[in-house]
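In: coords please:
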Amino acid sequence: MFEGFVVEDVRVGDVTIHLRRGGKGPPLLLLHGNPLTHVMWHKIAPRLAEHYTVIASDLRGYGDSSKPAGGGDHDAYSFRTMANDQVAVMKHFGHDRWFVAGHDRGGRVAHRMALDHPRHVAKVAFLDIVPTLHMLSNIPLKWAVDSYHWFFMAQPHDYPEKMIEAYGFERYIRKKLDKPGVGLSAFTPEAMAEYIRCCNAENIHAVCEDYRAAVSIDLVHDRADADAGRKIEMPMRVLWGERSHVNRSYKPIEAWNERATQVSGKALPCGHYPAEQVPDETYTELAAFFR
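Out: A predicted model of the protein is given here:
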């Protein structure tokens, strides 16, 4: 995986961010979702690297990046904090302005990055999400069932951590990725092995802190932006799966029009994991958008 890329660890503040870097051209940051790592981009990153300097990194708490304690207000795992990590990574490599694409949790980090650091983000793409504030303010029954983990993992320490540990880390990863009507066939054995390797007690605690932040301090940040009328001003693209929980419960273009001024997007013939389930279509869309 990731032929031609180098593996690096970058110290930013009090954490180390693990990443792969390769290619040449304008800088492009790729951010993964849960329960994944930067490996989720392995089917398309080498192709993007033909045209861009690609940096695919592990968010704090995930993969081989640091997993600090969450803190009482969970700010250590807010999307703002995670976005600041990734901004520091890009500056470490001398980039002042870049493209960013994020899936799932990585998309929410990219959303916060675009709002907090608009001077640095030229264009932003989101894979299979709608804005957090819109989503949590409009919860249909189907989404609540599909996305129960949002509220399970946000429960106080250490109830969800111990429940997942008792269930078994490998069993948890396979169950989490096995979406109804889609299955596991898109995940290569190499990628699945990495997701399982990186799932441990420290990672699960960090993920729970991520979800605890999402229903607390992240909403404080999002409501402040909404009250102030702040929106994403740069061009943005949203791609979502026809068979994903997002498409079953929301209208992504309408949802993003509430939070951005230059919205485009389309559904792809997949579930929640476009970069692995339909890599050709995902590559084509991202390459065309960032061109």
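
In: close enough to count as contact, residue 117 and residue 88?
Out: No. Using CB atoms under 8 Å, residue 117 makes no contact with residue 88, being 10.6 Å away. In short, each C-beta sits where N, CA and C put it, glycine included.

In: so what sits against both of these two?
Out: Jointly contacting residue 117 and residue 88 under the rule CB atoms under 8 Å, 6 or more residues apart in numbering is no residue at all.

In: Look up how far residue 47 lies from residue 286.
Out: To residue 47, residue 286 is 10 Å away according to CB to CB, to the nearest Å.

In: what does residue 281 give?
Out: 12 Å.

In: Would you agree residue 22 is in contact with residue 1?
Out: No. With contacts counted by CB under 8 Å, residue 22 stays clear of residue 1, the gap being 11.4 Å.

In: Which of the two has more residues huddled nearby?
Out: Neighbour count, other CB atoms under 10 Å: between residue 22 and residue 1, residue 22 has more, with 20 against 14.

In: Nearest residue to the more buried one in space, please, no chain neighbours.
Out: residue 5 (3.5 Å; CB to CB, 6 or more residues apart in numbering).

In: From the rest of the structure, what touches stretch 144-164?
Out: Residues contacting stretch 144-164 (CB under 8 Å, 6+ apart): 70, 172, 176, 201, 204-205, 207-208, 210-212, 214-215, 245, 248-249.

In: can you rerun that using 6 Å?
Out: 172, 204-205, 208, 211-212, 215, 245 (CB atoms under 6 Å, 6 or more residues apart in numbering).

In: pLDDT averaged over that stretch - what is it?
Out: Per-residue pLDDT values over stretch 144-164 give a mean of 96.

In: Equivalent analysis for stretch 171-185, please.
Out: Stretch 171-185 comes out at a mean pLDDT of 94.

In: Start and end of that stretch, how far apart?
Out: The straight-line separation of the ends of stretch 171-185 (CA to CA, to the nearest Å) is 16 Å.

In: gap between that stretch and the chain center?
Out: In terms of CA atoms, centre = their mean, to the nearest Å, the centre of stretch 171-185 is set 18 Å apart from its chain centre.

In: which parts of it are buried?
Out: Neighbour-count burial for stretch 171-185 flags 172-173, 177, 179, 182 (criterion: 16 or more other CB atoms under 10 Å).

In: Excluding covalently adjacent residues, which one is nearest to residue 118?
Out: Nearest one to residue 118, counting by CB to CB, 6+ apart, is residue 233 at 6.0 Å.

In: Residue 12 too?
Out: Closest to residue 12 by CB to CB, 6+ apart is residue 88, at 3.8 Å.

In: per-residue confidence for that neighbour?
Out: Per the predicted model, pLDDT is 98 at residue 88.

In: How is it classified with respect to secondary structure?
Out: Secondary structure state of residue 88, per DSSP: H, G, I helix; E, B strand; the rest coil, is helix.

In: Hmm, it is touching residue 11, no?
Out: No. Using CB atoms under 6 Å, residue 88 is not in contact with residue 11, being 9.2 Å away.

In: So if I had to pick from the two, which one is more boxed in?
Out: Comparing residue 88 with residue 11 by neighbour count (other CB under 10 Å), the higher total belongs to residue 88, at 15 against 12.

In: how much space is there between that one and residue 17?
Out: 8 Å.
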